[in-house]
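Undergrad: build me a model:
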Amino acid sequence: MQFRQQALAKLQSPEDLDLPVRFARPQGWLVLCVTVAVMAAASVWAVTGTVSATVGAPAVLTHGQGSYVLQSPVAGQVTAVVAEQGRRLAANAPVLKVRTADGTTAVVRTVAAGRITSLAATIGAVITTGASIAAVEKVAKADDPLYATVYVPAENAGTIPADAAVDLTVQSVPTQEYGVLRGHVKAVERTAQTRQQITAFLGDSQLGEQFTEKGRPVAVLVRLDPSSVTKSGYRWSSAEGPPYALESMTLATGSIRLADQRPVDWLLP
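TA: Numbers count the residues shown, from 1 in each chain. As a prediction, this is how the structure comes out:
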């Protein structure tokens, strides 16, 4: 009761009526102006701005034409291995010589021009008809360009725009020193790939299993951006890239930029 009387007495005292009323300090006005400006900028960005998103997925560098598994048309003992792993051969080029049961020598030849990525047969080995003896990547010419095939989860494939930018972290290239390989989406497959389809395209059953561990992915073909100033012939995030050429069947990780989305869609219920 005593405090109330003192407050009423203070309000009735005329001795402070000539003092100006202070509504806010200058610092308060500054904070208010900054807050209003930030809110206005955020509102404009929410309506007109976009948010970029990316999807990461395993990838492999190839010449984009696929591979095939070379099988022996005859049974017998391997007497000579003519081809070498990593070597590019023309169509109908000899790969193995096999001595059959009747004593004749048969020559196993390539089906189409390409580069031998793996060679399973050795001299002295006994093989059966239909045995897989080599994996051959189809390469028509020595200067055929490399592509990257990125195996993206099926749920993300529909959001990949045409000609989307792609960054590739190549396993054989130190990223901290040479950066990432640049590219753009050339094509997106319409259906998800099975393990058998990936194995047939790459000629490698282990990669077929690896790329389908988390479900059937969609293959995204990426063309690598060319460059006349790098040793590899392709553009990197660094100025010169690695001081050596890239090999096909090199593993990588692709980061694909998805279609931009408006943030206002996320704010509205």
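
Undergrad: which residue ranges of the stretch 151-269 of the chain form strands?
TA: 165-170, 181-188, 217-224, 250-257 (DSSP state E, counting those that start in this stretch).

Undergrad: those: which one's closest to Q65?
TA: Minimum separation from Q65 across the strands of the stretch 151-269 of the chain (C-beta to C-beta) falls at strand 217-224, 10.9 Å. C-beta: built from backbone N, CA, C; applies to glycine.

Undergrad: need the contact partners of the closest one.
TA: Residues from elsewhere that reach strand 217-224 (C-beta atoms under 8 Å, 6 or more residues apart in numbering): 57, 59, 64, 145-154, 157, 160, 166, 168, 181-189, 191-193, 198, 201, 211, 234-235, 254, 256.

Undergrad: of these, just the buried ones, PyMOL syntax please.
TA: Per 16 or more other C-beta atoms under 10 Å, the buried members of the contacts of strand 217-224 correspond to this PyMOL selection:
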select buried, resi 57+59+64+146+147+148+149+150+151+152+157+160+166+168+181+182+183+185+186+188+189+192+193+198+201+211+234+235+254+256
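
Undergrad: closest to T110 out of the strands of the stretch 151-269 of the chain?
TA: strand 250-257 (22.3 Å).

Undergrad: what inclination does that closest one have with respect to strand 165-170?
TA: 150 degrees (axes from the mean of the first three to the mean of the last three C-alpha atoms, to 10 degrees).

Undergrad: report the buried residues of strand 250-257.
TA: Quick answer for strand 250-257 (16+ other C-beta under 10 Å): T250, A252, T253, G254, S255, I256, R257.

Undergrad: so the last one touches T54, yeah?
TA: Okay, so that is R257. Yes. Using C-beta atoms under 8 Å, R257 is in contact with T54, at 5.4 Å.

Undergrad: if we can go back for a sec, and which of the buried residues of strand 250-257 is nearest to S132?
TA: When the buried residues of strand 250-257 are compared against S132 (criterion: C-beta to C-beta), the nearest one is T250, at 22.3 Å.

Undergrad: contacting residues for the closest one?
TA: Neighbours of T250 in contact, by C-beta under 8 Å, 6+ apart: V60, L61, V170, Q171, S172.

Undergrad: and it, what are its bridge partners?
TA: When bridges are called by DSSP bridges, T250 pairs up with L61.

Undergrad: same check, this time on P153
TA: Bridge pairing for P153 (DSSP bridges) gives the partners P217.

Undergrad: swap in L96?
TA: V81, V108.

Undergrad: who's in contact with stretch 99-111?
TA: With C-beta under 8 Å, 6+ apart, stretch 99-111 has contacts from 68, 70, 72-77, 79, 89-98, 133, 136.

Undergrad: filter these to the buried ones?
TA: 68, 70, 72, 74, 76, 89, 93, 95-98, 133, 136.

Undergrad: nearest to M39, of those?
TA: Checking the buried ones among the contacts of stretch 99-111 one by one against M39 (C-beta to C-beta), the nearest turns out to be Y68, at 62.0 Å.

Undergrad: please name the nearest non-neighbouring residue to that closest one.
TA: V136 (5.6 Å; C-beta to C-beta, 6 or more residues apart in numbering).

Undergrad: just checking, what packs against the helix or strand hosting that neighbour?
TA: Secondary structure from DSSP states H and E places V136 in strand 132-138. Applying 3 or more C-beta pairs under 8 Å, 6 or more residues apart in numbering; DSSP states H and E, we find strand 132-138 packed against strand 67-71, strand 94-99, strand 114-119.
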